[in-house]
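> Next one to model:
(one chain, ligands or ions: 1)
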Amino acid sequence: MSKKVFLCAISNISSGHCLEDCRFCTQSVRYGAAIERFYHKPVEKIVKEAIAAKKRSAVGFCLVTAGKSLDEKTLKFVCKAAEAVKKSVPELNIIACNGTATLESLKILKSCGVDSYNHNLETSESFYPRICTTHKWSERYKTCENVKKAGLNLCTGGIFGLGESKKERVSLFESIASLEPVSVPINFYHPNESLPLKNDTLSAKEALEIIRMAREMLPKQRIMVAGGREITFGDLDYKIFDAGADAIVIGGYLTTSGNDPMRDHRMIHKAGYEVAIECHDS
Ligand code: SF4
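This is a model prediction of the structure:
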């Protein structure tokens, strides 16, 4: 039986107004990147995107808001969006990704139909102060612990190509392993001229090594290649599955576009894999 690949789609439901200073992120207001900025995407539009994602065989649908944390207003908005998506497309696993969060607010999200919460550790604890000075890595870790306590599935991963060393990558994966998440998103830095981080894109070879490292250190987790796949791998992206990835994001990211989803379907089949039809397929 061929290995299954899980597809996840992202909806950027509140974009580009974050006050934090993560040096890799175009959603920070500090860097003035030329991206679309808006507060609340209309719920009808979010539902339409969820229906389209399901048609493209996505099993996960992620509601992402920019900003440091899940404050009261954001919580209300995400709940409204999650309830509407659940009602229209009940088969989708709803993931919320809304920054640092308290146990209480995460429990409310769960009661509104959210199944999973994504909060990335981003990089190792020791390297983190080099990429963000406005909040601490420990707050991120604490949020991940809260996610599990709230009974939500945890998705936590990171971004690579920020200038971190191999040792720091190992340390990040060790921290992720200690949280025992269900899924681990792996993002690769996508350079943008407005960002203070001037690093080049990682080579496909180095990026594949990172995926292999993730697979080895996180044998039971779903390894999802997310942002930066297209710019890092180009047409070599079929290689990510043999390296250990078993999930990808389809149809575009928060502020960058992705491949045509049909091209990704063809790529998966050509590589000898099958698209999973349910989130809990094994
Ligand atoms: S907290 Fe999140 S949205 Fe804000 S700058 Fe950092 S990565 Fe971007």
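> So which residues on the chain come close to the ligand?
If contact is defined as C-beta under 6 Å from any ligand atom, the residues of the chain in contact with the ligand are 18, 20, 22, 25, 27, 28, 66, 68, 99. Backbone N, C-alpha and C define where each C-beta goes, glycine included.
> Just the buried residues from the residues you listed, in ChimeraX please.
Buried members of those, identified by 16 or more other C-beta atoms under 10 Å, are gathered into one ChimeraX selection as follows:
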select :18,20,22,25,27,28,66,99
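> Farthest pair within the residues of the chain next to the ligand?
Largest separation among these by C-beta to C-beta: 28 and 99, giving 12.6 Å.
> what's stretch 161-171 in contact with?
Outside of stretch 161-171, the residues within contact range by C-beta atoms under 8 Å, 6 or more residues apart in numbering are 23-24, 123-127, 130-131, 160, 172, 188-189, 197, 199-202, 207, 210, 213, 217, 228, 232.
> Actually, stretch 270-282.
Taking C-beta under 8 Å, 6+ apart as the criterion, the residues outside stretch 270-282 that touch it are 2-7, 57, 59-60, 91, 93, 238-239, 241-242, 265, 268-269.
> Out of those, which sit inside strands?
Counting by DSSP state E, the part of the contacts of stretch 270-282 found in strands is 4, 5, 6, 7, 60, 93.
> now these: which count as buried?
If you count burial by 16+ other C-beta under 10 Å, the buried members of those come out as 4, 5, 6, 7, 60, 93.
> Where does the prediction get shaky in the protein?
Scanning the chain for pLDDT under 70 picks out the ranges 1-2, 252-257, 281-282.
> Would you mind measuring from the residue nearest to the spatial centre of it to residue 225?
Residue closest to the mean C-alpha point of the chain, counted by C-alpha atoms, centre = their mean, is residue 185 at 5.1 Å. Applying C-beta to C-beta, to the nearest Å, the value for residue 185 to residue 225 is 8 Å.
> Contact partners for the closest residue to the ligand within the stretch 51-200 of the chain?
When you check the stretch 51-200 of the chain against the ligand by C-beta to the nearest ligand atom, the closest residue turns out to be residue 66, at 4.2 Å. Residues touching residue 66, when contacts are defined by C-beta under 8 Å, 6+ apart, comprise 12, 14, 15, 16, 17, 18, 27, 254.
> Any chance of the backbone angles for the second one?
Residue 14 adopts backbone torsions of phi -160, psi 110, taken as degrees, to the nearest 10.
> Tell me the bridge partners for it.
Listed beta-bridge partners, residue 14: residue 65 (assigned using DSSP bridges).
> check contacts around it.
Residues near residue 14 by C-beta under 8 Å, 6+ apart: 38, 39, 40, 41, 64, 65, 66, 67, 74, 77.
> Just the buried subset of those residues, please.
Buried subset of these (neighbour count, 16+ other C-beta under 10 Å): 41, 64, 65, 66, 67, 74, 77.
> max-length helix in the protein?
Under DSSP state H, the helix in the chain containing the largest number of residues is helix 72-88.
> Please enumerate the helices of the chain.
For the chain, applying DSSP H gives helices covering 43-55, 72-88, 103-111, 137-149, 166-179, 204-217, 229-233, 239-243, 261-270.
> Tell me which other helices or strands the second one touches.
Right, the one you point to is helix 72-88. Under the contact definition 3 or more C-beta pairs under 8 Å, 6 or more residues apart in numbering; DSSP states H and E, helix 72-88 sits against strand 4-14, helix 43-55, strand 60-65, strand 93-97, helix 103-111.
> so residue 47 makes contact with residue 85?
Yes. At 5.9 Å, residue 47 counts as touching residue 85 under the criterion of C-beta atoms under 8 Å.
> quick one, which of the two is more surrounded?
Taking residue 47 and residue 85 together and counting by other C-beta atoms under 10 Å, residue 85 has the greater number of neighbours (25 against 18).
> now the more buried one, nearest residue through space, not along the chain?
In this structure, residue 85 finds its nearest non-sequential neighbour in residue 50, 4.5 Å apart by C-beta to C-beta, 6 or more residues apart in numbering.
> doesn't residue 88 make contact with the one you found?
Yes. Under the contact definition of C-beta under 8 Å, residue 50 touches residue 88, with a separation of 6.4 Å.
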